[in-house]
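Q: Requesting a structural model of the entry that follows:
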Amino acid sequence: MWGFTRNEQRALLFLISTFVVGLGVQFYQSKFQPLPPLNSLSLVKEEQVPVTSPPKAQTASRPFRFDLNRASMAELEKIPGIGPALAQRIVDWQKAHGPFQQVEDLLQVKGIGKKTLEKIRPFVYIHQAE
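A: Prediction:
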């Protein structure tokens, strides 16, 4: 193999294998690691805790969140489980019915059921005006 000795081949194979396994572990952690709690009140229902200001900028330890009534289609598409068609239906529903009053109003949008709602709930909130 390219003029390497047997021991050099083994060492090279070990380094390449270690690199590939490291990439696999990194990929697994980025895709399948559960999201950290959004805040200390994450177990309280969203509608019971009024949000007085938009969440702070996204950090590595905190997932992004969007105000459901202000999010653009591009922002909605960043949410896992929402593609272009579903984002368009959300925007269309809001234009036809006005602002969402609570996150559960998403159940009225065609294509969003209970499972989908629970999947996207950590990524959206409703800004409560003071």
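Q: Output the below-cut-off pLDDT ranges for this protein.
A: 1-2, 33-63, 129-130 (pLDDT under 70).
Q: Which parts of it are helices?
A: Residue ranges of the helices in the chain, as given by DSSP state H, are 6-32, 73-77, 84-97, 114-120.
Q: Please look at Arg70 and His127 and confirm they touch.
A: Yes. Using C-beta atoms under 8 Å, Arg70 is in contact with His127, at 7.0 Å. Any C-beta I mention is one placed from the backbone N, CA and C, and that applies to glycine too.
Q: The two: which is more packed in?
A: His127 (15 against 11; other C-beta atoms under 10 Å).
Q: give me every residue that touches the nearest residue to that one once chain neighbours are set aside.
A: Using C-beta to C-beta, 6 or more residues apart in numbering and skipping the chain neighbours, the partner closest in space to His127 is Asp67 (4.6 Å). The contact partners of Asp67, by C-beta atoms under 8 Å, 6 or more residues apart in numbering, come to 54, 124-127.
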